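Q: Only the shape, not the letters, is given here:
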């Protein structure tokens, strides 16, 4: 019963003040116990208010910055997959003409065969992704 609250509290501690790792030690018997899943109650954590709706002004400003950029590149991470926004990524890339580079966690978020895809950056990536 305490695990959902403890995890939420650990996340709050890890992401506020001086952000860093947090250890949550869960007893073996609790980990092996059988239970039925139920969504935990909403946690009221001070300072933690995830954004659930887009901010139109911020979207307009981002669009303006992208259109004014001399060499825009869409550097895409796994968040695009978690958000279910791969179709939107493709539309954005095609509208802007910006090359797309995907991190390891975003592999598959943008078609490898697409002409705007320049590969993965970093030591396991492509030169085109690093120099885009």
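A: It's in. Note that this is a predicted model, so its numbers are computed, not measured. Residues are numbered from 1 along each chain as shown.

Q: what sits against residue 17?
A: By CB atoms under 8 Å, 6 or more residues apart in numbering, no residues touch residue 17. (C-beta placed from N, C-alpha, C; glycine too.)

Q: Show me what the helix or strand that contains residue 58 is in contact with.
A: According to DSSP states H and E, residue 58 maps onto helix 56-68. The contact list for helix 56-68 (CB under 8 Å, 6+ apart) reads 72, 96, 98.

Q: Could you rank those by neighbour count and give me the top one?
A: Top of the contacts of helix 56-68 by neighbour number is residue 98, holding 19 neighbours under the definition other CB atoms under 10 Å.

Q: And that residue, how far from residue 8?
A: Using CB to CB, to the nearest Å, residue 98 is found at 37 Å from residue 8.

Q: ok, the residue lying closest to residue 80 once chain neighbours are set aside - contacts?
A: Spatial nearest neighbour of residue 80, excluding adjacent residues (CB to CB, 6 or more residues apart in numbering): residue 109 at 4.9 Å. Applying CB under 8 Å, 6+ apart to residue 109 gives the contacts 76, 78, 80, 81, 86, 89, 102.

Q: And for the last one, the neighbour number?
A: Here the count is done by other CB under 10 Å, and residue 102 has 26 residues near it.

Q: same deal with the first one?
A: Using other CB under 10 Å, residue 76 is surrounded by 23 other residues.

Q: which residues touch the residue nearest to the spatial centre of the chain?
A: Most central in the chain under CA atoms, centre = their mean is residue 79, positioned 2.4 Å from the mean C-alpha point. Taking CB under 8 Å, 6+ apart as the criterion, residue 79 is in contact with residue 106.

Q: Looks to me like residue 129 is in a strand.
A: No. Looking at residue 129 with DSSP: H, G, I helix; E, B strand; the rest coil, it is helix, so not inside a strand.

Q: secondary structure class for residue 30?
A: Applying three-state DSSP: residue 30 is helix.

Q: could you list every residue that touches it?
A: Taking CB under 8 Å, 6+ apart as the test, what residue 30 contacts is residue 3.

Q: what number of residues lie near residue 115?
A: 10.

Q: same deal with residue 63?
A: Around residue 63 there are 13 residues (other CB under 10 Å).
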